[in-house]
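Need a 3D model of the following:
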Amino acid sequence: MKTLIRHAQVVFPGEIAAVNVLLDGEKIAAVDAAEHARADAVVDARGLHLLPGLIDDQVHFREPGLTHKEDLHTGSRACAKGGVTTFLEMPNTVPPAINQERLDEKLRLAAEKSLVNYGFYIGATPTNLADLKTARRTPGIKIFIGSSTGELLVDDQAALERIFAETTLPICAHCEDESTIKKNAALYGRSGNVADHSKIRDVEAALVATKRAVDLALRHKHRFHVLHVSTAAEADFLLEKFGPGSRSPWPLVTAEVCPHHLFFNVDDYARLGTRVQMNPSLKTAADNERLWQALHEGTIQVVATDHAPHTLEEKAKPYAAGHGGSPSGLPAVENSLALMLDQAMRGQVTLLEIARWMSEAPARVWDIVGKGQIAAGYDADLVLVDLGLTETIRDAEQETKCRWSPWDGVALTGWPVRTWVMGREVFRDGKIADDVRGKEAIFAHDPGRDYWFPG
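Next up, the predicted model:
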């Protein structure tokens with residue numbers, strides 16, 4: 001199938017240009033196609049902008065084991081609606097993906113169910129080093145350096161040293177210091193005030209763990225990605241360590257931020273309660289401002305959602321300071337692009353930045369072959385957006401199985417209207433094509449290549 005997308009404003013890595021884009025099967029055949037090039041389908045995209053499909057490198061789609069919250073089919077439907085054409089899913093399912101057999105099972109399930117492209121991290125435990133060393137068909141290793149569920153917490157220094165020293169896959173980590181969290185939790189006992197969540201999982205907990213992980217990465221010369229940076233202190237540390245004038249081997253360490261840490265802060269607990277309870281916790285308005293600055297300056301390279309759905313019934317449980325009660329996490333994958341487009345319409349970011357943070361950068365960080373930009377020979381993963389379209393986020397209209405959003409009632413200007421996955425249209429004007437299936441992402445891990453800065 002050939003598709004000709006005409007008259008769109010196409011967002012390339014360094015410019016926006018009005019060109020015709022020709023898709024041939026699963027690939028982009030040309031970005032300067034003739035006006036009347038032969039095609040099976042012609043899309044008149046006049047007045048719209050064409051972006052590379054988003055890559056969300058941090059989602060929790062809950063399959064297997066927790067599919068009452070989300071599954072690979074519903075999560076991928078939300079992706080399609082939101083312009084996310086590739087997701088990378090975390091290992092804390094039930095059972096957790098901590099060996100090749102469980103990775104392969106998740107890949108099999110995704111091949112059957114996912115409307116968009118997919119990949120799955122392998123989770124580190126204190127005892128699965130052999131599995132981490134031989135893992136394949138995965139973007140990398142996920143470590144929970146801080147509280148987690150089950151066997152995925154790795155807080156022992158000797159175990160961390162071995163993982164960084166003896167494995168070769170890129171590593172990412174949830175960085176919150178376990179001892180700091182326990183010390184703070186003891187001060188607040190069984191607090192029922194959700195605002196205390198940010199006092200228990202405070203700035204120190206995040207900064208101590210991030211510094212610890214970066215130290216491991218630098219000493220062992222191991223590629224490392226800091227997940228969901230939530231504090232100004234972490235941004236300042238990363239800038240000092242890797243910014244202009246530093247001698248550290250950038251880009252050995254990269255980092256990302258999530259929409260909830262950009263748009264919400266501790267003042268929002270009074271309005272939204274446990275809907276905005278997540279790990280790492282919300283911080284202050286000053287932290288919001290610094291995280292935006294870190295994106296603009298390049299200290300943080302990636303925007304990803306940490307989409308972590310729970311049912312509203314679960315989220316409505318009383319906060320219990322880490323002793324059961326309301327779980328941490330929120331859904332975001334279908335609204336992340338619209339949130340950023342709305343910022344573009346307000347003049348706070350540019351479309352070039354959005355494409356870099358949400359498409360090109362995650363493709364480079366995780367060595368994803370053929371994705372991340374609009375260029376001949378790349379995979380035909382694309383999203384067409386209408387910058388003039390204003391819509392309001394509504395709980396009942398969410399595609400995620402949990403059917404709610406912390407942004408319920410918020411009107412945004414700028415929305416995806418059509419999405420293609422490997423050349424097939426999966427979303428168009430509110431309708432999702434359930435017969436489309438994505439493909440397994442391919443990772444070209446090569447320690448001799450400079451992935452962040454193109455050669």
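
Pretty sure L132 sits in a strand.
No: per DSSP: H, G, I helix; E, B strand; the rest coil, L132 lies outside any strand segment and is helix.

Touching, it and I122? I think so.
Yes: if you go by CB atoms under 8 Å, L132 and I122 touch, sitting 6.4 Å apart. (Glycine included, C-beta is placed from N, CA and C.)

Any figure for the gap between H73 and L115?
Using CB to CB, to the nearest Å, H73 is found at 7 Å from L115.

higher neighbour count, those two?
L115 (28 against 18; other CB atoms under 10 Å).

Checking the closest residue to that one other than its chain neighbours next. Helix, strand or coil?
Spatial nearest neighbour of L115, excluding adjacent residues (CB to CB, 6 or more residues apart in numbering): S76 at 4.3 Å. Three-state call for S76 (three-state DSSP): helix.

so who does S76 touch?
Shown in contact with S76 (CB atoms under 8 Å, 6 or more residues apart in numbering): F61, F87, K113, S114, L115, V116, Y118, G438.

Now the residue most central in space within the chain. Its backbone dihedrals?
The residue lying closest to the centre of the chain (CA atoms, centre = their mean) is A304, at 2.7 Å. With angles defined as degrees, to the nearest 10, A304 sits at phi -140, psi 160.

pLDDT value on it, please?
Looking at A304, its pLDDT is 98.

got the contact list for it?
Contact partners of A304, counting by CB under 8 Å, 6+ apart, are D56, D57, Q58, V59, L227, H228, E256, C258, M358, P362.

how close does it sit to P259?
Distance of A304 to P259, computed by CB to CB: 9 Å.

what does A361 give?
Using CB to CB, A361 is found at 15 Å from P259.

And for A320?
A320 sits at a distance of 26 Å from P259 (criterion: CB to CB).

These two: which has the busier surroundings?
For A320 versus P259, neighbours defined as other CB under 10 Å are more numerous around P259 (22 against 13).

Please report the distance of that one from V410.
12 Å.

burial count for A376?
Look at A376: counted by other CB under 10 Å, it has 14 neighbours.

quick one, what contacts it?
I28, A29, A30, V31.

what's the closest of those to R223?
Distance to R223, by CB to CB, is smallest for I28 among these, at 27.9 Å.

Could you tell me whether that closest one really is in a strand?
Yes: residue state for I28 (three-state DSSP) corresponds to a strand.

So in terms of bridging, what pairs with it?
On the basis of DSSP bridges, I28 is bridged to L23.

doesn't K371 make contact with it?
No: counting by CB under 8 Å, K371 is not a contact partner of I28; they are 10.8 Å apart.

Give me the common contacts of the two.
Joint contacts of I28 and K371 (CB under 8 Å, 6+ apart) are Y378, D379.

Helices - which of the contacts of S76 land there?
K113 (DSSP state H).

Can you check the pLDDT for the residue nearest to L115?
Looking at S76, its pLDDT is 98.

Same check on G146?
pLDDT at G146 comes out at 69.

Include distance to A39, secondary structure and neighbour count when you put the contacts of A304 into a markdown table, please.
Compiled in a markdown table, the contacts of A304 are given as follows (distance: CB to CB, whole Å; DSSP: H, G, I helix; E, B strand; the rest coil; neighbours: other CB atoms under 10 Å):
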| residue | distance to A39 | secondary structure | neighbour count |
| --- | --- | --- | --- |
| D56 | 29 | strand | 28 |
| D57 | 32 | strand | 30 |
| Q58 | 36 | strand | 25 |
| V59 | 33 | strand | 26 |
| L227 | 41 | coil | 25 |
| H228 | 41 | coil | 23 |
| E256 | 37 | strand | 25 |
| C258 | 38 | coil | 26 |
| M358 | 28 | helix | 27 |
| P362 | 30 | helix | 28 |
